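Asks: What shape does this take:
(one chain, ligands or ions: 1)
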Amino acid sequence: MIIAGNWKMFRGPDPHALAGLDAIVAPPFTRLRDCVDAGLTTYAQNVHWEADGAYTGEISAPMLLELGVTGSLVGHSERRLYFGETDETVALRTRAALDAGLRVIACVGETLAEREANETEDVLRRQLSVLEPHPHLVLAYEPVWAIGTGLTATPEMAQDAHAFIKSLLDAPVLYGGSVKPDNAAGLLAQPDVDGALVGGASLDVDSFKAICQTAARIRS
Ligand code: PGA
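Replies: Presented below is the predicted three-dimensional model:
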């Protein structure tokens with residue numbers, strides 16, 4: 001079971017308050033070193049496919065590794081929605097990061113319009129078609145309509161999507177989208193839900209710890 005906290009563009013909690021927690025944190029770039037120094041398994045939120053070059057605003061895998069960072073998120077829906085991330089750039093970022101020795105959580109998921117048009121499986125198939133299994137690749141199923149909205153997929157919806165994803169690509173699949181202490185147990189109990197990618201609730205130490213404790217209880 002993997003619990004990962006995506007702090008997005010928020011400063012986030014004091015990393016030392018999370019010391020010893022069996023979880024991944026993905027803080028903004030300026031807090032990566034603090035999280036590494038606090039002994040946390042630390043992921044970036046994005047990584048470029050070149051080792052260096054004229055790519056203003058980007059960061060490379062070797063630079064992250066030099067900092068002691070373990071992995072990176074790739075293809076989060078906010079990157080796809082606001083920053084022009086495409087399936088092709090997701091593939092480039094993922095491959096380069098894995099080749100360099102980083103771990104990757106690659107994010108997939110449909111919008112509300114796509115779900116309502118019955119296109120969820122087509123979208124997942126398209127998003128996954130550019131990725132290949134790798135021992136250090138984990139996927140996150142994040143229905144876009146559930147991110148930051150308070151709407152969560154039901155455990156059954158998550159289970160169905162995760163089983164479909166695993167039929168296409170052999171990798172652990174985390175669920176993301178308004179995971180909170182009070183809905184984590186139902187989601188994490190599903191057989192194909194291998195953990196959670198937590199946004200808002202990861203900014204609050206008590207909420208994030210509660211979700212980690214739920215995961216630990218379900219695993220044992
Ligand atoms: P949320 O974010 O938990 O705030 O919905 C999840 C994510 O974007 O990874």
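
Asks: Please count neighbours and contacts with C-alpha atoms only from this point.
Replies: Will do.

Asks: What is the host helix or strand of residue 36 packed up against?
Replies: For residue 36, the element it lies in under DSSP states H and E is helix 32-37. Packing contacts for helix 32-37, counted by 3 or more C-alpha pairs under 8 Å, 6 or more residues apart in numbering; DSSP states H and E, involve strand 41-44.

Asks: contacting residues for the residue of the chain positioned farthest from its centre?
Replies: Distance from the C-alpha centroid of the chain, by C-alpha atoms, centre = their mean, peaks at residue 54 (27.0 Å). With C-alpha atoms under 8 Å, 6 or more residues apart in numbering as the criterion, no residue contacts residue 54.

Asks: element containing residue 115, please.
Replies: Going by DSSP H and E, residue 115 is in helix 112-116.

Asks: next SSE after that helix?
Replies: Proceeding N to C from helix 112-116, the next assigned helix or strand is helix 120-128, under DSSP H and E.

Asks: What average pLDDT does that next one get?
Replies: The average pLDDT within helix 120-128 is 98.

Asks: contacts for that helix?
Replies: 87, 108-110, 114, 161, 164-165, 168-169.

Asks: Among these, name the ones in helices.
Replies: Among the contacts of helix 120-128, the subset assigned to helices under DSSP state H consists of 87, 114, 161, 164-165, 168.

Asks: Just the buried residues of these.
Replies: Buried subset of those (neighbour count, 16 or more other C-alpha atoms under 10 Å): 87, 114, 161, 165.

Asks: Looking at these, which is nearest the ligand?
Replies: If you rank these by distance to the ligand using C-alpha to the nearest ligand atom, residue 161 comes first, at 16.4 Å.

Asks: Tell me which residues touch that closest one, please.
Replies: Taking C-alpha under 8 Å, 6+ apart, one finds 121, 141 in contact with residue 161.

Asks: swap in residue 48?
Replies: Residue 48 neighbours (C-alpha under 8 Å, 6+ apart): 58-61, 93, 96-97.

Asks: gap between it and the ligand?
Replies: 19 Å (C-alpha to the nearest ligand atom, to the nearest Å).

Asks: So for the lowest-mean-pLDDT helix or strand in the chain, what gets flagged as buried?
Replies: For the chain, using mean pLDDT, DSSP states H and E, the weakest element among its helices and strands is helix 112-116, scoring a mean of 93. By neighbour count with 16+ other C-alpha under 10 Å, helix 112-116 contains the buried residues 114-115.

Asks: and what of stretch 58-77?
Replies: 59-62, 64, 68-77.

Asks: related to what we said a few turns ago, list just the nearest of the contacts of residue 48 to the ligand.
Replies: Of all the contacts of residue 48, the ligand sits closest to residue 93, with 17.8 Å by C-alpha to the nearest ligand atom.

Asks: Pull the contacting residues for residue 76.
Replies: Residue 76 makes contact with 106-108, according to C-alpha under 8 Å, 6+ apart.

Asks: Around the ligand, which positions in the protein sit nearby?
Replies: 6, 146-148, 176-179, 197-200 (C-alpha under 6 Å from any ligand atom).
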